[in-house]
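Enquirer: Build me a model from this:
(chains A and B)
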Amino acid sequence: EAQVTQNPRYLITVTGKKLTVTCSQNMNHEYMSWYRQDPGLGLRQIYYSMNVEVTDKGDVPEGYKVSRKEKRNFPLILESPSPNQTSLYFCASRPSGTGGATWTEAFFGQGTRLTVV
Amino acid sequence: GDSVTQMEGPVTLSEEAFLTINCTYTATGYPSLFWYVQYPGEGLQLLLKATKADDKGSNKGFEATYRKETTSFHLEKGSVQVSDSAVYFCALSGSFYQKVTFGIGTKLQVIP
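Expert: Now for the predicted structure:
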């Protein structure tokens, strides 16, 4: 089954304790991205990756890191979490399409609800 | 840059009522437009899409028409069901094709 898998689904942590949220897709998609979802703000892109070893900042990258060592995996790293990073996080993947196509569908993971106290 | 505007809601309707959720966008060039749906406790999934002006996307009784002249992509359904209760996101993929820009999401509650 084609899917994007995130782990963990729920996480409560303390300020400053490094954490990693994993994301894996089995569809051989080139493009992967991380979003955070907050009430009244919708989904905002944190980081994205166009392919292996190619990553770039999205709209709200501060306090986050990512890596793309393999095509299927795109972990999100919070080196020193703070309470303002409490949010619902989604990983998504998408095929690049041909010729820079804009029409390809994004596939989302189930989400990770992170609470930083 | 690209942006999408939609009402946050919640929108509360009785079963079998007509649904409209408005969506307008700002983008350069010719974006593709999407509606995604998020059921409680789940990730987003594609509901429908349209890739050029005057295209109509449809799925599960929902429809939306790409209107370039009004830069709109309003979501409609003739008769909603309780099972349609969810958050609906309008989105576009435009000048920077890899990025999908989302609206804030509209929560729909359908009561029996």
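Enquirer: ok but A:Lys69 is inside a strand, no?
Expert: No - counting by DSSP: H, G, I helix; E, B strand; the rest coil, A:Lys69 falls outside a strand, being coil.
Enquirer: Would you list the phi and psi of it?
Expert: Phi and psi for A:Lys69, reported as degrees, to the nearest 10, are phi -90, psi -30.
Enquirer: these two touch, right, it and A:Glu53?
Expert: Yes - the pair A:Lys69 / A:Glu53 is scored as a contact, 7.3 Å apart, by Cβ atoms under 8 Å. Using the backbone N, CA and C atoms, a C-beta is placed for each residue, glycine as well.
Enquirer: A helix includes A:Asn84, no?
Expert: Yes - assessed with three-state DSSP, A:Asn84 lies in a helix.
Enquirer: any idea of the pLDDT on it?
Expert: At A:Asn84, the model reports a pLDDT of 97.
Enquirer: State the number of residues packed around it.
Expert: Neighbourhood size, A:Asn84 [other Cβ atoms under 10 Å in any protein chain shown]: 10.
Enquirer: same check, this time on A:Leu19
Expert: 18.
Enquirer: got a list of what it touches?
Expert: Shown in contact with A:Leu19 (Cβ atoms under 8 Å, 6 or more residues apart in numbering or on different chains): A:11, A:13, A:77-78, A:81, A:114.
Enquirer: Please tell me how far it sits from chain B.
Expert: 20 Å (Cβ to the nearest Cβ, to the nearest Å).
Enquirer: and if you look at A:Ile46?
Expert: Taken as Cβ to the nearest Cβ, the span from A:Ile46 to chain B is 12 Å.
Enquirer: go on, A:Trp103?
Expert: Plainly put, A:Trp103 is 4 Å away from chain B if you go by Cβ to the nearest Cβ.
Enquirer: Give me the pLDDT for that residue.
Expert: pLDDT, read off for A:Trp103, is 71.
Enquirer: Chain B: strands as residue ranges?
Expert: B:3-6, B:11-14, B:19-21, B:23-26, B:32-38, B:44-50, B:56-59, B:62-65, B:75-77, B:86-93, B:100-102, B:106-111 (DSSP state E).
Enquirer: for chain A, that is, sorry about that
Expert: Using DSSP E, the strands of chain A run over A:4-7, A:10-13, A:19-25, A:31-38, A:42-51, A:54-57, A:65-66, A:76-78, A:87-94, A:107-108, A:112-116.
Enquirer: and B:Lys107, what is it in contact with?
Expert: B:8-11, B:86-87.
Enquirer: rerun that using 10 Å as the cut-off
Expert: By Cβ atoms under 10 Å, 6 or more residues apart in numbering or on different chains, B:Lys107 lies in contact with A:39, B:7-12, B:38, B:85-88.
Enquirer: Point out where chain A drops to low pLDDT.
Expert: In the predicted model of chain A, residues A:97-102 satisfy pLDDT under 70.
Enquirer: Before I go, just wanted to say thanks for your time.
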